[in-house]
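**Student:** Okay, sequence plus prediction incoming.
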Amino acid sequence: MPCLLIFIGFSVLFSFFYILRGIRIIYQYERGVVFTFGKFSHVKDPGIRWIFPIIQNMRRVDIRIMTVDVPRQEVITKDNIPILANTVVYFKVENPVNAIIKIDNYVYAVRQFTQAALRDIVGNNELDFVLTERVQIAESIQKIVDTETAEWGVDIESIKIQEIELPAEMKRAMAKQAEAERERRAVIIASDGELKASENLRQAAETLSKNPAALHLRTLQTIRDIAADPSEKIVLYLPSDITETIKKITG
């Protein structure tokens, strides 16, 4: 009888710990991929779940959008200019089963594919295009990486090119080019101003030449301006008909 009680107690205690060991808590942003005797059997949804200990094993998969920083690397453009570029990848797992079964480490694989795609895309474009069309370059990289990783159940949400660093000599050359461009624009603006000013003077001269009274008034205004300083003495030879013109103006 005592042996039977000991056996029953041991069985109850073993069952308790066996059940306790199989309890799993899966968070809302996770999915549990369950293997039974090493073979995929089903996927556990969020909540309190239970699996058979020893017989079954569960791998958790985070299905939130993940951010992976791809380290800076040197790439060469189509016109043989080396640049340093780094990118950021935003992706999420859409199929937890494929992300576990078909790839060993999908985060590392996404990073490696992004680096390779960056080298390919930049290598097929010239520097000016790479600098001015970052968005288009990033979209091309995303398309390549997304196609390659779709089989793993990974969806590439977005890829951003954070920084493109040029060699020092290239920076100096571009600074000189920008300065020359600014000087060229300044010369064009100044010449346009002189052209408009000369056109206005020509029109004013034509108007004055058609009206002698206006011409004489302009002459008198000029004399008044010149004689503003009382310390200066100015001798002028006026036209012989200036008196008649003044009489016509004053009525």
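**Tutor:** Good, I have the coordinates.
**Student:** Which positions within the helix or strand where I141 lies qualify as buried?
**Tutor:** Using DSSP states H and E, I141 falls within helix 134-149. Judged by neighbour count using 16 or more other C-beta atoms under 10 Å, the buried positions of helix 134-149 are I137, A138, S140, I141, Q142, I144, V145, D146, E148, T149. Where C-beta positions appear, they are placed from N, C-alpha and C, glycine not excepted.
**Student:** which ones are touching the second one?
**Tutor:** Contacts here follow C-beta atoms under 8 Å, 6 or more residues apart in numbering; on that basis A138 touches T87, S158, I159, K160, I161.
**Student:** and the fourth one, what are its bridge partners?
**Tutor:** Here K160 shows beta-bridge partners V88, assigned using DSSP bridges.
**Student:** I'd like to know how many residues surround it.
**Tutor:** A count of nearby residues for K160, using other C-beta atoms under 10 Å, gives 14.
**Student:** wait, what's in contact with it?
**Tutor:** Counting by C-beta under 8 Å, 6+ apart, K160 touches T87, V88, Y90, A138.
**Student:** distance of it from T219?
**Tutor:** Going from K160 to T219 by C-beta to C-beta, to the nearest Å gives 71 Å.
**Student:** E157 now?
**Tutor:** 78 Å.
**Student:** These two: which has the busier surroundings?
**Tutor:** For E157 and T219, the more surrounded residue by other C-beta under 10 Å is T219, and the numbers stand at 16 against 13.
**Student:** before we move on, which element is the more buried one in?
**Tutor:** helix 212-226.
**Student:** In that helix, which residues are buried?
**Tutor:** Neighbour counts using 16+ other C-beta under 10 Å place L215, H216, T219 of helix 212-226 among the buried residues.
**Student:** What of stretch 150-170?
**Tutor:** So stretch 150-170, judged by 16+ other C-beta under 10 Å, has buried residues W152, G153, V154, I156, I159, I161, I164, L166.
**Student:** Is it possible to get the residues you listed out as a markdown table so that each row also shows distance to P53, pLDDT and secondary structure?
**Tutor:** Formatted as a markdown table, the buried residues of stretch 150-170 follow (distance: C-beta to C-beta, whole Å; pLDDT from 0 to 100; DSSP: H, G, I helix; E, B strand; the rest coil):
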| residue | distance to P53 | pLDDT | secondary structure |
| --- | --- | --- | --- |
| W152 | 29 | 92 | helix |
| G153 | 27 | 92 | coil |
| V154 | 30 | 94 | strand |
| I156 | 37 | 94 | strand |
| I159 | 42 | 93 | strand |
| I161 | 48 | 90 | strand |
| I164 | 53 | 87 | strand |
| L166 | 58 | 83 | coil |
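**Student:** ok, those vs A99, which is closest?
**Tutor:** Taking C-beta to C-beta as the measure, A99 lies nearest G153 of those, at 4.5 Å.
**Student:** hang on, the closest one packs against K92?
**Tutor:** No: checked against C-beta atoms under 8 Å, the pair G153 and K92 is beyond contact range at 9.7 Å.
**Student:** neighbours around A85, how many?
**Tutor:** The local packing of A85 (other C-beta under 10 Å) involves 21 other residues.
**Student:** Please apply the same query to Q56.
**Tutor:** Counted with other C-beta under 10 Å, the burial measure for Q56 works out to 17 neighbours.
**Student:** Okay, it and P96: tell me how far apart.
**Tutor:** Applying C-beta to C-beta, one obtains 16 Å for the distance of Q56 from P96.
**Student:** Return the list of helices and strands in contact with the helix ranked longest in the chain.
**Tutor:** In the chain, ranked by residue count with DSSP state H as the criterion, the top helix is helix 168-210. For helix 168-210, the elements it packs on are helix 212-226, judged by 3 or more C-beta pairs under 8 Å, 6 or more residues apart in numbering; DSSP states H and E.
**Student:** I'd like the average pLDDT over the helix it packs on.
**Tutor:** The average pLDDT within helix 212-226 is 74.
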